[in-house]
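> coords please:
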Amino acid sequence: MKRNWLVVVLALLVLGIVAIPRLVIVPRVIQVIEAELNKEFDLANVKIQMKAPLGWELLLGRIPQLMVEVENIEIDGLIVAQTIINGKNILFDTHSLRQRNEYVFSVNYSMRNN
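Next comes the predicted model:
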């Protein structure tokens, strides 16, 4: 009986360790990116979708896939009704994120604006 409980506890522990990044880190990163965009551009309508299957990628400084959709944004006096930005394999510096609480993105040629 004790062995069965031990197996159940170990299985729940492993499941928790695997699921924590997906359940905690991914929503937090989306929230931070959304807050930065709102602060920079004073946006009313921004939608962010992130695909990070396990969430562990974010701890290593990589966002597998990101889509940012913005409506009614003003850039240098030009009002843009809608823009969608897609990115794949976006790399960022985890050290600057931890030390200065800011995202520093690496050069990535797979981002495009629709």
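> how close does Ala19 sit to Val8?
16 Å (CB to CB, to the nearest Å). C-beta coordinates here come from the backbone N, C-alpha and C atoms, glycine included.
> also Ile17?
Taken as CB to CB, the span from Ile17 to Val8 is 15 Å.
> now Arg22
21 Å.
> those two: who's more crowded?
Arg22 (15 against 10; other CB atoms under 10 Å).
> OK, contacts around the residue nearest to that one when sequence neighbours are not counted?
The shortest distance from Arg22 to any non-neighbouring residue, by CB to CB, 6 or more residues apart in numbering, is to Gly55 (3.9 Å). By CB atoms under 8 Å, 6 or more residues apart in numbering, the contact set of Gly55 is Ile20, Pro21, Arg22, Leu23, Val24, Ile25, Val26.
> which among those residues end up buried?
Applying a neighbour-count criterion of 16 or more other CB atoms under 10 Å, the buried members of these are Pro21, Ile25, Val26.
> I'd like those as TSV, with pLDDT, secondary structure and distance to Val70 appended.
Shown next, in TSV, are the buried ones among the contacts of Gly55 (pLDDT from 0 to 100; DSSP: H, G, I helix; E, B strand; the rest coil; distance: CB to CB, whole Å):
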residue	pLDDT	secondary structure	distance to Val70
Pro21	82	helix	27
Ile25	84	helix	23
Val26	87	helix	20
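> pLDDT-wise, which helix or strand of the chain ranks last?
Sorting the helices and strands of the chain by mean pLDDT, DSSP states H and E puts strand 112-113 at the bottom, at a mean of 54.
> show me the contacts for Asp53.
Asp isn't right for residue 53; it's Pro. Contacts of Pro53 (CB under 8 Å, 6+ apart): Arg22, Pro64.
> confidence score at Met50?
Looking at Met50, its pLDDT stands at 91.
> doesn't Ile30 make contact with it?
Yes. Taking contacts as CB atoms under 8 Å, Met50 lies within contact range of Ile30: 5.6 Å.
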